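K.L.:
Kindly return the folded structure for what I paste below:
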Amino acid sequence: MPDPDKRPGRVQECRVLVVEDEPVALEAHAAYVARVPGFVVVATAATGREAMRLLQSRPVDVVLLDMHLPDRHGLDVVRAMRAGGHRADVIAVTSARDLEVVRSAVSLGVVQYVLKPFVFATLRERLEAYRAYRLQIGAATEINTQAEVDQVLAGARGGAPAPLPKGMTDELLGKVSRALRGAGAGLSASELADVVGVSRVTARRYAEYLTDNRLAARGQRYAGAGRPEVEYRWVR
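P.N.:
Numbering: from 1, shown residues only. Purely as a prediction, here's the structure:
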């Protein structure tokens, strides 16, 4: 009897290669992917070289790709993939906010660009949109109308990202993220508040959000014999 997953028009599980050099983020992204029905992580890589080697040794449908890798930029990995004939789709999962990087990613055919920090619901929505896109193109061999063309082009892009918790804004989250990234050392909630220009309570809430999403790490600072102070450090 034929394998039901091999029948024409049926899309099998999307095989995912997760490429991320930060071990904690790599583990988290792989775990996120595994929680979404229809996806399976077939391999993980911490460098561009390792990613290319894995692409040559096993079938991959989509690459979850960080842009900041220790040996080469993520965009160079995409270029090498295409030059080598690898047709796997690419979803960028990165903290790279340079507009030129985003534009280059689009020109290279990156189907989605997910900014860190993000919650599981954000990645789930993007993967589900990508899965729907794969099902759509897998069930058809021809496009008949402009509306169908538009639907296919828009399908892989997905919808709006999952909203932040109530009372939080993307603008302030970006400011807090930039402050921690540029600090070069850990910042207490009070120090972060001074840099960003908000209250200590607000700064702590955003820092805790980044920590919960593995973009920042929480530590303790000891000064004298008093109670240690909590500080936050960007993990990259």
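
K.L.:
can you list the domains in this protein?
P.N.:
Using automatic domain parsing, the domains assigned to the chain come out as 4-155, 170-234.

K.L.:
How many residues are close by Ala80?
P.N.:
Ala80: 16 surrounding residues under other C-beta atoms under 10 Å. For glycine as for every other residue, the C-beta is placed from the backbone atoms N, C-alpha and C.

K.L.:
Please pull up the helix or strand immediately following the helix or strand harbouring it.
P.N.:
Applying DSSP states H and E as the criterion places Ala80 in helix 74-83. Scanning forward in sequence from helix 74-83 by DSSP H and E, the next helix or strand is strand 89-94.

K.L.:
For the very next helix or strand once past that next one, enumerate the helices and strands it packs against.
P.N.:
Using DSSP H and E, the helix or strand that follows strand 89-94 in sequence is helix 99-107. Helix 99-107 sits against helix 74-83, strand 112-115, with contacts defined as 3 or more C-beta pairs under 8 Å, 6 or more residues apart in numbering; DSSP states H and E.

K.L.:
What are the buried residues along the first one?
P.N.:
Within helix 74-83, the residues that count as buried by 16 or more other C-beta atoms under 10 Å are Gly74, Leu75, Val77, Val78, Ala80, Met81.

K.L.:
which one among the residues you listed gets closest to Val60?
P.N.:
Met81 (9.6 Å; C-beta to C-beta).

K.L.:
Where in this protein is the helix or strand with the lowest mean pLDDT?
P.N.:
Lowest on mean pLDDT, DSSP states H and E among the helices and strands of the chain sits helix 146-155, with a mean of 58.

K.L.:
Can you give the contact residues for the next helix or strand after it?
P.N.:
Sequence order places helix 170-183 as the next helix or strand after helix 146-155, per DSSP H and E. Identification of contacts with helix 170-183 by C-beta atoms under 8 Å, 6 or more residues apart in numbering yields 95, 97, 117, 164, 187, 192, 195-196, 198, 202-203, 206-207, 209-210, 215-216, 232-234, 236.

K.L.:
CA atoms of helix 170-183 as PDB?
P.N.:
What follows is helix 170-183, C-alpha atoms only, in PDB (Å, rounded to 0.1, in the frame of the first residue of the first chain):
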ATOM      1  CA  ASP A 170       7.300  47.900  20.700                       C
ATOM      2  CA  GLU A 171       9.000  51.300  20.800                       C
ATOM      3  CA  LEU A 172      10.000  51.100  24.400                       C
ATOM      4  CA  LEU A 173      11.000  47.400  24.100                       C
ATOM      5  CA  GLY A 174      13.300  48.500  21.300                       C
ATOM      6  CA  LYS A 175      14.800  51.200  23.500                       C
ATOM      7  CA  VAL A 176      15.400  48.800  26.400                       C
ATOM      8  CA  SER A 177      16.900  46.200  24.100                       C
ATOM      9  CA  ARG A 178      19.300  48.800  22.600                       C
ATOM     10  CA  ALA A 179      20.300  50.000  26.000                       C
ATOM     11  CA  LEU A 180      21.200  46.500  27.200                       C
ATOM     12  CA  ARG A 181      23.000  45.700  24.000                       C
ATOM     13  CA  GLY A 182      25.000  48.800  24.100                       C
ATOM     14  CA  ALA A 183      25.900  48.700  27.800                       C
END
